[in-house]
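Asks: Predicted model and sequence below, questions to follow.
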Amino acid sequence: MAGVLKAPAAEAVAAGPPRRRTGPARLVLVRVAASAAVLWGAVTATFCLLQVMPGGTADVLLARSAVTPEVRDRIIAEYRLDDPLAAQYLAYLGRIARGEFGDSYVLRRPVWDAIGSQLPHTLLLVLATLLVTLVASVLLAVVSAHRRRWVRSSFSAAESLVVALPPFWLGLLLLTVFSFNLHWFPAIGSSSLSGLVLPTAALAAGPVAVMTGVLRDGLLRALEEPFVVTARSRGIGELALRLRHVLRHALLPATTLLGWIAGSLIGGAVIIEIVFSRQGIGRMVLFAVENKDMPVVIAIVLLTAAVFVLVNIAVDILVWMIDPRTREAGS
Amino acid sequence: MAKSFWPGAVVLTLLAVLALFPSLFTGTDPDAADLNATLQPPSGAHWLGTDQNGRDLYARIVHGAGPSLLIGAGAVGLALVAGVLVGVAAAQLGRTVDQVLSRSLDVILSVPGLLLVFLVVAVLGPGGGPASVGLAVVSLPGFARVARAEVIRLRGAHYVEAAHGFGWSRAQVVLRHILPNALGPVMVLATVTLGAMIVAGSSLSFVGLGPQPPTAEWGAMLADSQEFLAVAWWPAAFPGAAITVAVLAVTVVGGHLQRRIERGRT
Amino acid sequence: MSPVVPENAAGGGETDMSPASGDTEELLSVRDLVVGFATGREYVDAVRGVSFQIGRGQVVAIVGESGSGKSVTARSLVGLAGDGAGVRAEELAFDGLDLRQVRGRRWRALRGRRIGFVLQDALGSLDPLRRVGAEVAEPLREHRIVPAGETGAEVVRLLGSAGVPLPESRARQYSHEMSGGLRQRALIASALAARPDLLIADEPTTALDATVQRQVLRLLRDRADNGTAILLISHDLGVVAEIADHVYVMKDGRFVENGPARMVLRTPSHPYTRILVAAALGQGRGPARGGDAAPAGPDPDPGRVVLRADGLVKRYRLPGRGAFTAVDEVSVEVRAGETLGIVGESGSGKTTVGRLLLGLVAPDAGRVEVNGRLWNELRGPERRTARRRVQMIYQHPLASFDPRYTARQLLEEPLRAERVPGAERARRVAELLEHVGLGDEVLRRRARELSGGQRQRLAIARALAPRPDVIICDEPVSALDASIQAQVLDVLADVQERLGVAYVFISHDLGVIRRISHEVVVMKDGRVVESGDIRKVFEAPEHQYTKALLDAVPRLHGAGPAGAQAILNPR
């Protein structure tokens, strides 16, 4: 007659009538509001950064580039730098909200122009990597979620090794072998599809390794659950068991991880673009950092933050779709 | 994996000694250029060959251990101390403090890691120190969250409840039970993070935002090697291998720690 | 030499389905079943030669404690004993089919369709990511029981006949949205969906409250009366006695006793069966408690009230839906050397009362007095000193021990907190071990290396270390097997007699409460519905709910009046 005691509050809820569920619209609304707050925090942080950096804000924005007094006056007017701090802040918020990131005085062109011309190249690399990561890790996980112990442990040893490889070094190795020795792929350039293969491989290796491990653990853990025995006791086959029951459980932690990976890929792409001398925001952001070109740095940071936030909303919706337990009101 | 713990621990110790006392392992000056012996392949005179300036690669790798590992280790050290302070404050100082701190961490987390480091380096200028600080900012939320969750979990643990029943004061309970038990997961996170930070640190050096030349640093050495990749493989192979071995050793030891702590819990 | 049937053998090769020899009247006939597991290099037999039969319309029960091999026996019958299990038998026949020869696809045709299987732990046994209706429908689709268009209606019918109210809306819910009792019914509905001839139920009522347990058992008995054969697996002889025709008692992989339920319960011959029967009947050792029996112990002032609570109220806020009153106007009194039992089902507020008494939770109204001092008046060092007077024992002792500590450190900690000097400390630790019957070889070990019974003894010893007036015991034996339960209860009673410590004993188990308490408080929905001397309450319950609770205790129908009497009338 062993009884498990439950917290009284939890029991009262569990015994209650069918419960109210959070609808998808409500979920999106709540998440968008929270994300907007986070982005507002990020914008405010960059504003504070501009204030505390040594030198006047106008000088910071100019990044030591030589300009005429007229241009300087225009910056002061544009950013309301002669107004009180509060007004400056509101003006800054308004500009960012309207998507006005100003001009890069180092590049001598509007920030949007500069980013717009480079972003598609980076996005292409990131999306290709995400796709490879998804497909490869699901395949590898299913293959390696094997009954035999040595299969699992050799896969996980290989994963540890791949995770330990610095991606840019992996890029250099791939270049040495496949471009300079075998001449299979071009060493530089981003125009052709074959030019995308090596950068994607270098960028995807780490995420594939991490994701495979998480998916396999999820599969193996789900196969240990009592509901698997129940399902088998109903006479269903192993393939149906994996497709109908187990895979969904394994996808839960993997989905959250995928959101995180998507964000980190934007940073990783910068490094890989340098290795393969590809076009993209990588070279631009580095040049901006080296030259303290704050309008460009801030624009890219805020932009990637916005993308990252959107990706995470998508992940939340995915998890909501997969797992009914997250659909409770108030959680 | 259990069998690989000792090799991992030995390599890690060796790397620590290497980083602290490089002169024990080589008498060669890592910065001595010899323009008559540029890009020499590995040989008896130069075990791992020479770079484009004729500098001995073995000496540079040995002397590079310190700066290379310091970026990652420094970042983890900073993040650990600051993160635990933030996490404990969030858990203990009431709802308002918790909300403010937790939301600030969300802001940090909303920016993809390397880009946040770029922002920090853009403000502070390139160098080993700024790179460490930038990476510390990126990894701080992880430590803060784990510390906060651990303190909250342990506050409700039955054994902490029982300890209050023995008549210990609040501070005594924190010191005897909460902190020592919270430290385990924090240390596991530290080792896991250390591996990632060593890679990230070398990445920053590779793109020129880490320690500035002529300092020998593994990532920077790889950047130098890129130009000559078509003619010489060794300047690219050995520093990269050094990073990989260091990260593997950290991973193995960290995994061992993690399993030990998890076993202790169940 | 019987063939070894490797588990989950790949492929579905055609095999000879020769009819099994043996008694054709039996639906299932098992002779000399041996199940072994390869663990590392060793090969361990979990089941060591058991034989039994089940006929149509019969309920056969296998009773044993954890690790006895009863679940492995059940799973072997559907080929799900697990990875690396080797199943051998002289005979393993189901309705003329030799189960030893069944492989792959053939198993799948049997499972669900001919043999239904209900697992213990309903929460984990239904896929949490799928709707309950989809789970119930799975065997219907798999075995094509009804046309695809009628699946929905059939699911609703099945849920309804398993006693699930509002089956249409319940079918659209997920398992976490249902109570334990409903989940268990849904699971039974799913196992019965394809109308199997044999239903195997492995601990189908564990973790259910007594009243719900009763309903689920009735449901199973009903199915048997309609012709389904049922194999019931349980650790609780009380559960089994309620509905079984024939009982097998299992220990260490063997049957130690078997016979018609009535006989096994009335005249148990094996000592192990006697322990189980005693546990099921709630028969205590030693003299009766309650009534005019003098409280035990050397307390100079035996009737002294050591802990008193008046009008306790505790509310919890619920997300978005106002407040929930966990404890409502509860008053209790605990006297030195006595045990106050608090009994109630889950959610009745009994645990919250325990936490209020300990001062861990502050009441919204009412007061708690420890030795005449109010908790809420005590501050700082005074409060800390007072806290030592009231100790706690938990259901899961492991969670109440700092995982870094050895047993010695655990026992020394309360003594260090009181600054007991070293030599004195060692003496006190030895004394504590002696009180609870542990040897000093445990001192070097950590709690997780000890057995469940040893851990709870250690918890008792540690609770005694500050020499408290009262120990609050929250379901201290609920996680233990019956034979260990008896030992731990004995230790508690023993300690009380020797030291005169008072207990507040919180449990959902009426048998255990009866055995240990002098006074009892019956709780429901946060309120005290009845209280008083244990004999009075159990013999002549006044409140409707108390009667229902006592009524819901699985009755040993085979044991006749003596058994029922034992529950209701403590001797």
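Replies: Cool, the structure landed. Quantities reported herein were computed from a predicted structural model and do not represent experimental measurements.

Asks: which non-adjacent residue is nearest residue C:444?
Replies: residue C:406 (5.9 Å; CB to CB, 6 or more residues apart in numbering or on different chains). For every residue, glycine as well, the C-beta is placed using N, CA and C.

Asks: do the same with residue A:192
Replies: With sequence-adjacent residues excluded and distances taken as CB to CB, 6+ apart, residue A:192 is closest to residue A:186, at 6.9 Å.

Asks: again, but for residue C:209
Replies: Once flanking residues are discounted, residue C:209 sits nearest to residue C:345: 4.0 Å by CB to CB, 6+ apart.

Asks: can you pull the contacts of that neighbour?
Replies: C:209, C:210, C:211, C:508, C:524, C:549 (CB atoms under 8 Å, 6 or more residues apart in numbering or on different chains).

Asks: go on, residue A:250?
Replies: Residue A:250 neighbours (CB under 8 Å, 6+ apart): A:141, A:215, A:216, A:218, A:219, A:221, A:222.

Asks: Show the average pLDDT along stretch C:236-249.
Replies: When pLDDT is averaged along stretch C:236-249, the result is 88.

Asks: what's the span of that stretch, first residue to last?
Replies: 11 Å (CA to CA, to the nearest Å).

Asks: on that earlier part again, how far away is the residue nearest to residue C:444 from residue B:255?
Replies: Distance, residue C:406 to residue B:255, by CB to CB, to the nearest Å: 26 Å.

Asks: go on, residue A:46?
Replies: Distance, residue A:46 to residue B:255, using CB to CB: 38 Å.

Asks: does any bit of stretch A:120-136 sit next to chain B?
Replies: No: contact of stretch A:120-136 with chain B (CB under 8 Å from any CB of the partner chain) is absent, the minimum separation being 10.5 Å.

Asks: contacts for that stretch?
Replies: Residues contacting stretch A:120-136 (CB under 8 Å, 6+ apart): A:190, A:196, A:199-201, A:203-204, A:207-208, A:211-212, A:258, A:261-262, A:265-266, A:269-270, A:272-273, A:278-282.

Asks: So, low pLDDT: which residues of the stretch 101-250 of chain A?
Replies: Along the stretch 101-250 of chain A, the model assigns pLDDT under 70 to residues A:147, A:188-191.

Asks: Report the closest residue of the stretch 101-250 of chain C relative to chain B.
Replies: When scored by CB to the nearest CB, the stretch 101-250 of chain C has residue C:124 as its residue closest to chain B, at 17.3 Å.

Asks: residues near the nearest residue to that residue once chain neighbours are set aside, how many?
Replies: Once flanking residues are discounted, residue C:124 sits nearest to residue A:226: 4.0 Å by CB to CB, 6+ apart. Neighbour count of residue A:226, defined by other CB atoms under 10 Å in any protein chain shown: 17.

Asks: dump the residue contacts of residue A:226.
Replies: Residue A:226 neighbours (CB under 8 Å, 6+ apart): C:119, C:120, C:121, C:124, C:125.

Asks: Flag every buried residue along the helix or strand that contains residue A:163.
Replies: Using DSSP states H and E, residue A:163 falls within helix A:149-164. Neighbour-count burial for helix A:149-164, counted by 16 or more other CB atoms under 10 Å in any protein chain shown, picks out A:152, A:155, A:156, A:159, A:160, A:162, A:163, A:164.

Asks: Let me know whether that helix sits next to chain B.
Replies: Yes: Helix A:149-164 lies within reach of chain B by CB under 8 Å from any CB, at A:153, A:156, A:157, A:160, A:161, A:163, A:164.

Asks: and which of those residues is nearest to residue B:11?
Replies: Closest to residue B:11 out of those is residue A:164 (11.8 Å), distances taken as CB to CB.
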